[in-house]
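Student: Fold the following.
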Amino acid sequence: MNLIYTKEFIRVIFTFILFILIKWPTNPLLLSGVLLLLDTFAGIITPHEKRKKETKTKEYQHADKIADVVSYLMLIYLIPNDPILHFFVLFRTLGVFLFIKLNKAWPLIVFFDFVKEYLVLKQFKFIPIKWMFIFMFLKMMFEFYFHTIHNRHDRKMIIR
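Tutor: Now for the predicted structure:
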């Protein structure tokens with residue numbers, strides 16, 4: 001197992017352990033925080049210059065997205081009665097599958113990751129549903145920017 005996959009595997013194990021330690025079902029905001037914190041795990045243990053190069057590789061992108069999906073699938077088990085969360089997890093899972101299968105970035109834009117954002121919005125029950133659609137649109141625009149403009153020099157992640 002190479003170093004990239006090892007780091008992502010450790011990330012998934014830490015996610016699992018923390019989910020158990022914080023005793024499900026719990027505060028969605030806390031779960032989102034755990035996911036966000038552990039998503040930066042590889043960056044914490046990799047020197048900055050090496051991380052900049054590493055994160056642009058196809059191998060890293062695939063491993064990172066798979067680790068995200070595995071962590072999100074744990075959420076379905078932890079929060080079994082939330083069909084909206086389940087939709088967002090399966091929606092992103094489809095996008096990651098297509099991203100890996102086609103080796104194109106467009107599935108990451110179309111099937112954007114909205115799991116952590118949903119968990120945060122869920123915590124604030126007073127937010128109207130129309131605001132969720134606005135946040136979803138903004139997230140899709142961010143994904144478009146990130147996978148086209150920000151990563152435009154990365155020839156391995158062509159949008160077409």
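Student: how about low-confidence regions in the protein?
Tutor: Residues of the chain that meet the criterion pLDDT under 70 lie in 1, 23-26, 41-55, 126, 150-160.
Student: If we use 80, what do you get?
Tutor: Within the chain, the stretches with pLDDT under 80 are 1-5, 7, 11, 15, 18-57, 123-130, 147-160.
Student: residue ranges of the helices in it, please?
Tutor: Using DSSP state H, the helices assigned to the chain run over residues 3-21, 28-39, 41-45, 48-54, 58-78, 83-102, 106-110, 115-123, 129-144.
Student: residue contacts, the most centrally placed residue in the chain?
Tutor: Of all residues in the chain, the one closest to the mean position by Cα atoms, centre = their mean is residue 68, 4.5 Å from it. Residues in contact with residue 68, defined by Cβ atoms under 8 Å, 6 or more residues apart in numbering, are 39, 92, 96, 113. (C-beta placed from N, C-alpha, C; glycine too.)
Student: For the residues you listed, which two are the farthest from each other?
Tutor: Considering Cβ to Cβ, no two members of the contacts of residue 68 lie farther apart than 39 and 96, which are separated by 13.8 Å.
Student: The two - which one has more neighbours?
Tutor: More neighbours sit around residue 96 than around the other of residue 39 and residue 96, counting by other Cβ atoms under 10 Å; the figures are 21 against 17.
Student: which non-adjacent residue is nearest that one?
Tutor: Across the structure, with Cβ to Cβ, 6 or more residues apart in numbering as the measure, the residue nearest residue 96 apart from its sequence neighbours is residue 65 (4.4 Å).
Student: looking at it, the one you found is touching residue 99, isn't it?
Tutor: Yes: counting by Cβ atoms under 8 Å, residue 99 is a contact partner of residue 65 at 6.3 Å.
Student: Between the two, which contacts overlap?
Tutor: What both residue 65 and residue 99 touch, as defined by Cβ under 8 Å, 6+ apart, is the set residue 108.
Student: What about residue 58, how many residues nearby?
Tutor: Counted with other Cβ under 10 Å, the burial measure for residue 58 works out to 12 neighbours.
Student: No more questions from me, cheers.
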